[in-house]
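Asker: Turn this into a model:
(one chain, ligands or ions: 1)
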Amino acid sequence: MKKVDINKGEALYEGKAKIVYATDDPSLVIQHFKDSATAFNAEKVGTISGKGEANAMISRHLFEMLETKGIPTQYVGFQPPTDLITRKLDMLPVEVVVRNVAAGSLSKRIGYPEGKPLKSTLVEFYLKDDDLGDPLLTIDHIRELDLITDSQVEALKKLGLQINDVLLKFFLECGLRLIDYKLEFGVADGQIYLGDEISPDTCRLWDVGTGEKLDKDRFRQDLGGVEEAYREVLKRIESN
Ligand code: UDP
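Answerer: Residues are numbered from 1 along each chain as shown. Take a look at the predicted model:
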């Protein structure tokens, strides 16, 4: 566990779930995880008590584990309970969604019932644009909009599948089925790094035994027990 002492500077950016602060080292930033939650492109807004702490610690654990498996991540260290020290990245303007089982927007798009396993893992690209509702992108859209290069597309697909191999196995050991999740990547010194967060805000995680949802769908669908679900995921991850 890397704990790093570094001073928090001005806020550079405030998003729906995090605030990014400058530090006295220009190559590093601090990501502060908030308890606030949004869904459906910020149409639904709320607070999940303890979420910031749980998501910071879950992301920290997963980034550290991915590093040991050779995945370059932004993670540098943490300042408990809610702050991660991360490499400052130029974020790529796409979100990468990895899917093992049909759910959410994929179920709606192709008519698969939620929970239907996919023949093989899907890696999809979405435009980061709230005004447009983050639409799905084809490779031709990516080229037309000059979002990322073809070689970056290939690199992100490869990284998505490598990350999936590690996460699927790890979550299964925690008694969790990794249904789908969103990744964000950025560039520093010409290299691609995994950025943002991996947490129950950005993953669908179902209990292996009961099928119970232990992720943000509890908030999206008003299922109750949201805080408990995030705490349960953290507990299982920390005891593995
Ligand atoms: N996701 C996310 N942020 C987004 C969109 C999706 O973290 O802006 C995650 C979401 O939690 C799920 C996966 O990516 O684990 C796939 O989401 P989907 O496309 O099914 O969209 P949704 O149904 O969540 O709108």
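
Asker: Which strand or helix spans the residue nearest to the spatial centre of the chain?
Answerer: In the chain, the C-alpha nearest the mean C-alpha coordinate belongs to residue 198, at 3.3 Å (CA atoms, centre = their mean). According to DSSP states H and E, residue 198 maps onto no helix or strand at all.

Asker: separation between it and residue 132?
Answerer: According to CB to CB, to the nearest Å, residue 198 and residue 132 sit 24 Å apart. From N, CA and C alone the C-beta is placed, and that goes for glycine too.

Asker: And residue 61, by the same measure?
Answerer: Counting by CB to CB, the gap from residue 61 to residue 132 is 33 Å.

Asker: The two - which one has more neighbours?
Answerer: The residue with more neighbours, out of residue 61 and residue 132, is residue 61; 19 against 10, by other CB atoms under 10 Å.

Asker: Which residue is it, in this structure, that comes closest to the ligand?
Answerer: residue 104 (2.2 Å; CB to the nearest ligand atom).

Asker: Quick check, residue 8 in contact with residue 20.
Answerer: No: contact criterion CB atoms under 8 Å: residue 8 and residue 20 do not qualify, at 10.5 Å.

Asker: what residues are shared contacts of the two?
Answerer: residue 30 (CB atoms under 8 Å, 6 or more residues apart in numbering).

Asker: and the longest strand for this structure?
Answerer: Counting residues, the longest strand in the chain under DSSP state E turns out to be strand 117-127.

Asker: right, and the helix or strand after the helix or strand harbouring residue 100?
Answerer: According to DSSP H and E, residue 100 maps onto strand 94-101. Counting by DSSP H and E, the element after strand 94-101 in chain order, helix or strand, is helix 104-110.
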